[in-house]
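Participant: Structure of the sequence below:
(one chain, ligands or ions: 1)
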Amino acid sequence: MSRTRAPARLPATMQVLERGWLSSNSIVFDDGDAVSIVDTGYVSHAPMLAQLVETARRGRPLSRIVNTHLHSDHVGGNAELQARFRATIVIPPGLAAAVRQWDERRLNYAATGQRCARFDYDQLIDVDRPLRLGGQQWEVIGGGGHDPEMVLFYNHDERILVSADALWENGFGVIFPELEGGSGFAEQQAVLDRIGALSPRIVVPGHGAPFGDAGAALEVAYRRLEYLRSDPQRNARHAAKVLIKFWLLDVRRTTPEQMQRHFAHTDYLRLIHQRYFPRQDFAQMIDLLVAELIRAGAAEFAGGMLHNRN
Ligand SMILES: [Zn+2]
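Facilitator: As a prediction, the model looks like this:
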């Protein structure tokens, strides 16, 4: 495992667009006579992304939009980019039918209380065949853990991993399947093991800057996984806070009443309440979680309103 501290140097054919935590990173690949993009951020950032793509494409067509998975913060710009540049949308196969029918429940947008502009796909990723992006071959790797249908991309020549929400420099995405009583910790462990075996030189995560020290990130991730796995209530509490923080990032400020109304219709939070905190009143659970966010500096209460911070 490489332990160098050198900054992550990406090939000139890859450009990472980072726009804060609400939106996933987008990676623009230079395919020569066209460009492709991997992931498109959250819907509220779609016009900004379209402008960034307009600059990055330098007059060439945006031919493909490829998604690692279908969470709202990774596909929110799909509709806008497709309408503007007439790009082909390529998604992992797992939720193809849900996308075609726009089943917001199966796509998790309803359950998480998040928004996404409707799009349809043109092609499915063939998980058994490498994908060509930026003039290079990328092996498609099953992502598990955070989302059973997620895929990662790995280029063996340059040892670059597009890790989506399976590995960040300081953690990984919420293990959603466990909240519903399914399995996710074992799958997360398996994907971390797989990443360790690949020993990437550079990781381009779904959120945060690209990084070189995959070994250090894996150590953090293994410790984090053990912490969550040893007490599933921790995973539930963490997931609930992530959902609340994500919504705050989107709305920026809210009255406590508006917030409680919104979350009363957010299935994942109701599920977390029923399964993990049944002795508390639902609104009380939300208030306690918000208080934790405030203590952590992620939110602030001022002038009768709850504000997002950082
Ligand atoms: Zn995700």
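
Participant: In stretch 224-234, which residues are buried?
Facilitator: Buried residues in stretch 224-234, counted by 16 or more other Cβ atoms under 10 Å: Arg224, Leu225, Leu228, Arg229, Pro232. For glycine as for every other residue, the C-beta is placed from the backbone atoms N, C-alpha and C.

Participant: possible to save these as TSV with secondary structure?
Facilitator: Shown next, in TSV, are these (DSSP: H, G, I helix; E, B strand; the rest coil):
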residue	secondary structure
Arg224	helix
Leu225	helix
Leu228	helix
Arg229	helix
Pro232	helix
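
Participant: Averaged pLDDT, stretch 188-199. What do you get?
Facilitator: Computed over stretch 188-199, the mean pLDDT rounds to 98.

Participant: That one near the ion at all?
Facilitator: No. Judged by Cβ under 5 Å from the ion, stretch 188-199 makes no contact with the ion; its nearest approach is 12.5 Å.

Participant: which residues are in contact with that stretch?
Facilitator: With Cβ atoms under 8 Å, 6 or more residues apart in numbering as the test, stretch 188-199 has contacts from 1-2, 141-146, 152, 154, 159, 161, 163, 166-167, 172, 175, 203, 214, 218, 221-222, 225.

Participant: and that stretch, how far out from the chain's middle?
Facilitator: Using Cα atoms, centre = their mean, to the nearest Å, the distance from the centre of stretch 188-199 to the centre of the chain it belongs to is 18 Å.

Participant: What of stretch 193-213?
Facilitator: 15 Å.

Participant: Same question for stretch 25-42.
Facilitator: On Cα atoms, centre = their mean, the centre of stretch 25-42 falls 16 Å from the chain's centre.

Participant: Ramachandran angles for the residue in the stretch 51-200 of the chain positioned nearest to the ion?
Facilitator: Nearest residue of the stretch 51-200 of the chain to the ion, counting by Cβ to the ion: His71, 3.5 Å away. With angles defined as degrees, to the nearest 10, His71 sits at phi -60, psi 150.

Participant: So which residues on the protein come close to the ion?
Facilitator: Counting by Cβ under 5 Å from the ion, the chain sits next to the ion at His71, Asp165, Gly173.

Participant: which of those residues tops the neighbour count?
Facilitator: His71 (28 neighbours; other Cβ atoms under 10 Å).

Participant: just for this protein, where's the confidence low?
Facilitator: 1-7 (pLDDT under 70).

Participant: Break down it into its helices, ranges please.
Facilitator: For the chain, helices defined by DSSP state H occupy the ranges 46-57, 72-75, 78-85, 96-101, 109-112, 176-179, 185-198, 214-229, 232-251, 256-264, 267-276, 282-295.

Participant: Give me whichever of those is most buried.
Facilitator: Mean neighbours per residue, mean count of other Cβ atoms under 10 Å, is largest over the helices of the chain for helix 72-75, with a mean of 26.

Participant: Confirm for me that Lys241 is in contact with Ala291.
Facilitator: No. Taking Cβ atoms under 8 Å as the definition, Lys241 is not a contact partner of Ala291, at 10.6 Å.

Participant: Could I get the contacting residues of Pro148?
Facilitator: Contacts of Pro148 (Cβ under 8 Å, 6+ apart): Gly94, Pro177, Gly184, Glu187.

Participant: farthest pair in those?
Facilitator: Gly94 and Gly184 (14.6 Å; Cβ to Cβ).

Participant: OK, contacts around the residue of the stretch 201-310 of the chain found nearest the ion?
Facilitator: Residue of the stretch 201-310 of the chain nearest the ion, by Cβ to the ion: Gly206 (6.5 Å). When contacts are counted by Cβ under 8 Å, 6+ apart, Gly206 touches Ser24, Asn25, Asp39, Thr68, His74, Ser163, Ala164, Asp165, Trp168, Gly173.

Participant: now do 7 Å
Facilitator: Residues near Gly206 by Cβ atoms under 7 Å, 6 or more residues apart in numbering: Ser24, Asn25, Asp39, Thr68, His74, Ser163, Ala164, Asp165.

Participant: again with Asn25
Facilitator: Val16, Leu17, Glu18, Asp39, Val204, Gly206, His207.

Participant: Neighbour-wise, which one of the residues you listed leads?
Facilitator: Gly206 (28 neighbours).

Participant: Which secondary structure elements does the longest strand anywhere in the chain sit against?
Facilitator: If you go by DSSP state E, the chain has its longest strand at strand 136-142. Packing contacts for strand 136-142, counted by 3 or more Cβ pairs under 7 Å, 6 or more residues apart in numbering; DSSP states H and E, involve strand 151-155.

Participant: Partner strands of the strand it packs on and their direction?
Facilitator: Strand pairing for strand 151-155, using DSSP bridges, gives strand 136-142 (antiparallel), strand 160-164 (antiparallel).

Participant: tell me the most buried of these?
Facilitator: Taking mean count of other Cβ under 10 Å, strand 160-164 is the most buried of the strands paired with strand 151-155, at a mean of 28.
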